[in-house]
Each structure stands twice: as structure tokens, then as C-alpha cells.
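Visitor: Sequence first, then the predicted structure, then my questions.
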Number of protein chains: 2
Amino acid sequence: MQILILLAHGSKRKESNLEIESLAKKIELFKLKEFEVVMPAFLEFEKPSITDAIDKCVRIGATKVTLLPYFLSAGVHITKDIPTEVEKSLQQNPNLKIKITDYFGSRDEIAEMLVKTALNSR
Amino acid sequence: MQILILLAHGSKRKESNLEIESLAKKIELFKLKEFEVVMPAFLEFEKPSITDAIDKCVRIGATKVTLLPYFLSAGVHITKDIPTEVEKSLQQNPNLKIKITDYFGSRDEIAEMLVKTALNSR
């Protein structure tokens, strides 16, 4: 079984973290054959952590975990913190495949989406 | 003259802030009639701040500034910090119109873009 983890920074504000949980649920409802389960994880301020989320994936039978960093730019979280956490989980679970995808902000469409946001906001 | 400010969180990592500057430049190159100038601004770790960016807009003759928060979820920065900074600038510049748009993460297309990112990463 393959699982997608939507990894967000996390916020002190509960509603903000709930947005991420809703987004993970929305993606799960696409019922992609590649990802039977989609779960959120957070770097700070909210649970589960990367480690906890990956442990949960293993418990429910995942053979491969795809970790999607929902971050806008390649700051220290992308370049250091996330790879370090994933490395720890790999040492704990040597048979698990974990793939870290490109971070969300690397998508080419973002400039056009920003224009739409600027022009269409109330 | 109308100016668009692309407002990002800012990072300790210089390359991450350069990504935001490139993105602002990319949007400016769309040559939208609504925004003759597009400039970046940062909440933390990088300059210009919101206040400095708005002051610069006034100096170069802006009558209206559109502030686009390049944030993924509505954390405290969106709900408190940004409106507070903008209110200060409005008091300093009572004739300037400042509009804060929806934050980027409120766009409906994001779930689909995340799926593309998950499926198409190397």
C-alpha cells in the first residue's frame, strides 16, 4: 500500500492546521490509485510529526510513503529539517520506501495563480 | 499608478528569498495593465518590510497598492500581523488605497496542483 503524506509547517492557530487536514482529506477523495490513504503531518505546532505519521503508515501496512512538502520556497525546512527527519525514519524502518517530492512552491503555475488571486479577490 | 506587493514570510536562507524576488519579477513581466510594478516584501528575515515597501510605493507615485499574501494557510500572520502592519501604513499615508487580497492558499486549484506535484516529481 502507498500512502501520501501532506507535510505542512504547522501553525499556532488551530484553524490553520485544520485547513491542512481538510486539504489532505480533499486529495484522498480524488481516490487516486497511487495513494490509497492521504494523511497530514506537521513540522511544528501540531501533530502528527513526520516521524509519527511515518510510523502510522508502517502500522497500517504501507510499503511506500510519498512525502509532499507543502511549502512555498526552499528554506531550511526543505533543505535540512525534512531530509533529516526522513533519514531518522528510514533508519527505524529500513524496509520502507520513502520518497520526498518536489516542494509545492516549485510548480511553474504559481505565478499565474498569484495573478488570478490578485485580480479576483473581493 | 497601481502597484502589486507580493508579500512572503521570508526565510533565513537567502536563496529562498531570492525565489520570491524572481517570482515578483516574473509576474511583473506579464505586464498586466492593473499592476505596472510588482515588488516583493517580507514579514521576517529579509527586507523590505511591508512598511518599507509601501513607503517606496508612495515615493514612486502609487495611488493604490494591492498586497497579496503569499501564504498557504490563514495562520496568525494572515489574521493579525499583516492587517496590523497595513493599518500602520494607512495612518502614515491616509490618501493611499491599500487592498489586501485573499491569501494564496485559499485558491481552489491547490488540491489538484498538489496531486500533480505528488505524481510528477522525480
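Guide: Everything's here; your move.
Visitor: Only C-alpha atoms from now on, for both contacts and neighbour counts.
Guide: Will do.
Visitor: So the lowest-mean-pLDDT helix or strand in chain A, near chain B or not?
Guide: Lowest on mean pLDDT, DSSP states H and E among the helices and strands of chain A sits helix A:76, with a mean of 90. Yes: under the criterion of CA under 8 Å from any CA of the partner chain, chain B is reached by helix A:76 at residue A:76.
Visitor: Counting neighbours, show which residues of the next helix or strand after that helix come out buried.
Guide: Once the chain leaves helix A:76, the next helix or strand it forms, by DSSP states H and E, is helix A:82-92. Using 16 or more other CA atoms under 10 Å in any protein chain shown as the test for burial, helix A:82-92 gives A:82, A:86, A:89-90.
Visitor: surely residue A:51 meets residue A:87?
Guide: No: in terms of CA atoms under 8 Å, residue A:51 does not count as a neighbour of residue A:87; the distance is 9.8 Å.
Visitor: interface residues of chain A facing chain B?
Guide: A:4, A:11-13, A:15-17, A:19-20, A:23, A:26-27, A:66, A:68, A:71-76, A:101-104, A:107, A:111-115, A:117-118, A:121-122.
Visitor: Pull out the buried members of those.
Guide: Among the residues of chain A next to chain B, the ones that count as buried by 16+ other CA under 10 Å are A:4, A:11, A:13, A:16-17, A:19-20, A:23, A:27, A:66, A:68, A:71-75, A:101-104, A:111, A:114-115, A:117-118.
Visitor: Let me see the ranges of the helices in chain A.
Guide: Using DSSP state H, the helices found in chain A span residues A:14-28, A:50-59, A:76, A:82-92, A:110-120.
Visitor: do you know which of those helices lies nearest residue B:45?
Guide: The minimum distance between residue B:45 and these falls on helix A:76, with 12.5 Å, by CA to CA.
Visitor: which outside residues touch that closest one?
Guide: B:11-13 (CA atoms under 8 Å, 6 or more residues apart in numbering or on different chains).
Visitor: Just put these in JSON lines and tack on pLDDT.
Guide: Below are the contacts of helix A:76 laid out as JSON lines (pLDDT from 0 to 100):
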{"residue": "B:11", "pLDDT": "89"}
{"residue": "B:12", "pLDDT": "89"}
{"residue": "B:13", "pLDDT": "88"}
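Visitor: Save those residues as a markdown table, and put in distance to chain A too.
Guide: Below are the contacts of helix A:76 laid out as a markdown table (distance: CA to the nearest CA, whole Å):
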| residue | distance to chain A |
| --- | --- |
| B:11 | 6 |
| B:12 | 7 |
| B:13 | 6 |
